[in-house]
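Colleague: Structure, please.
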Amino acid sequence: MATRILQRGTRGSEDCLEPRKRPVQRRSLATVDQVLTAAAQVFETFGYAAGTTNRIAERAGVSVGTLYQYFPSKEAVAVALLERHIQETNRKLHEWVGHMVAKRHGLRDAVEDYVWGDGGAPVPPSSPAHAP
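Modeller: Take a look at the predicted model:
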């Protein structure tokens with residue numbers, strides 16, 4: 001996806017995918033988070049092609065000018081959203097691995113725990129865990 005976005009970049013370079021400014025203050029961080037959350041909702045509802053910066057800004061409750069203070073293009077918003085998703089997935093994976101190591105699970109237990117969850121979710125009867 002990032003490659004496709006890069007190829008369609010409005011300025012023809014990676015610069016158009018970089019945020020314009022990095023938020024530092026709590027309020028700025030919250031604004032960027034609102035924009036990214038709104039972008040995810042807009043892309044899910046309307047699709048990427050119809051997910052305009054105006055729609056994203058409206059959903060985020062900010063002006064389109066505010067959106068452009070942080071992101072030079074819709075493509076930059078999409079890349080930031082993808083990066084956020086990757087970071088969150090990476091964080092969850094590290095937590096899971098740490099949990100498995102702490103519980104001293106074997107590979108089979110770890111895979112079942114990953115697939116079925118670790119909240120007491122039952123292992124289905126057809127699972128090899130129920131084999132005699």
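Colleague: so where's this protein shaky on pLDDT?
Modeller: Along the chain, the model assigns pLDDT under 70 to residues 1-21, 23-24, 105, 118-132.
Colleague: Let's check: the centremost residue of it is which one?
Modeller: By Cα atoms, centre = their mean, the chain has its centre lying nearest to residue 85, at 1.9 Å.
Colleague: What's the separation between it and residue 92?
Modeller: Distance of residue 85 to residue 92, given as Cβ to Cβ, to the nearest Å: 11 Å. (Each C-beta comes from the backbone N, C-alpha and C, glycine too.)
Colleague: which secondary structure elements does the biggest helix by length in the chain contact?
Modeller: Of all segments of type helix in the chain, defined using DSSP state H, the longest is helix 74-103. Under the contact criterion of 3 or more Cβ pairs under 8 Å, 6 or more residues apart in numbering; DSSP states H and E, helix 74-103 touches helix 2-7, helix 26-46, helix 53-60, helix 107-116.
Colleague: Which of the three states applies to residue 72?
Modeller: coil (DSSP: H, G, I helix; E, B strand; the rest coil).
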